[in-house]
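Colleague: Let's see this in three dimensions:
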Amino acid sequence: MNVLLHVCCGPCMTSFDKIFKDRGIPYSAYFYNPNIHPYQEYLRRRDTFRSYAEKCKVPAIIEESFMQHRWEEKYKGLDAAERCKKCYELRIGHTAQAASINKFTHFTTTLLISPYQNHEMICGICEKAAKENNVKFYYEDFRPLFREGQNEARKLELYRQKYCGCIYSYESSKFRDKISWD
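Modeller: Prediction:
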């Protein structure tokens, strides 16, 4: 087994790194998150991912893409659940395609660790993307490890974001006043 792990941020990667290394599962980390708004936040998350992957000595693939216009134009009239579905489909679809092209046997996503994401929807999208790209979806319910991963990220002083990523999650974040891009 060789896994391509879609990583939305450095903190979410902490538990996956430990699990995969403890189990002897070879993996590479893949950063494709064109949903993140604004650009300063995108850079902060990308750079945190990069530095954590280097620290862990994990091969990292970064696919640079910033598509704020997609959320502002194409997804503007959609409700939150439909926007999230489109976002999951975009990122997971790219991950499955990258896994297939780069000869990984499996792929998965750190989105599966978050108790704040739609777990069932993500799993369904992953299964569909796996079939479409002739690669296997590595599934495990990682949510019980969420707090442990967040504590590890805090201990390592990794940047921990205050909202999911898109312009709409930023605008609705109750922590919006605590977000600074200085």
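Colleague: From here on, just use CA atoms for contacts and neighbour counts.
Modeller: Fine.
Colleague: all helices of the chain, in order?
Modeller: All helices of the chain, identified by DSSP state H, fall at 10-23, 39-56, 68-73, 80-101, 119-133, 146-155, 167-172.
Colleague: closest to I113 out of those?
Modeller: Using C-alpha to C-alpha as the measure, helix 146-155 is the one of the helices of the chain that comes nearest I113, at 5.7 Å.
Colleague: what helices or strands is that closest one leaning on?
Modeller: helix 10-23 (3 or more C-alpha pairs under 8 Å, 6 or more residues apart in numbering; DSSP states H and E).
Colleague: Show me which residues of the helix it packs on are buried.
Modeller: G10, P11, C12, M13, T14, S15, F16, D17 (16 or more other C-alpha atoms under 10 Å).
Colleague: quick check: angle from it to helix 146-155?
Modeller: Here helix 10-23 runs at an angle of 110 degrees relative to helix 146-155 (axes from the mean of the first three to the mean of the last three C-alpha atoms, to 10 degrees).
Colleague: for the buried residues of helix 10-23, which one is nearest H37?
Modeller: Ranked by distance to H37 (C-alpha to C-alpha), these are led by G10 at 16.6 Å.
Colleague: Give me the pLDDT for the closest one.
Modeller: You'll see G10 listed with a pLDDT of 81.
Colleague: Isn't it up against Y52?
Modeller: Yes: between G10 and Y52 there is a contact under C-alpha atoms under 8 Å: 6.2 Å.
Colleague: related to what we said a few turns ago, want to try CSV for the helices of the chain, with distance to Y32 as columns?
Modeller: Listed next are these as CSV, based on distance: least, C-alpha to C-alpha, whole Å:
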stretch, distance to Y32
helix 10-23, 13
helix 39-56, 9
helix 68-73, 13
helix 80-101, 6
helix 119-133, 15
helix 146-155, 20
helix 167-172, 17
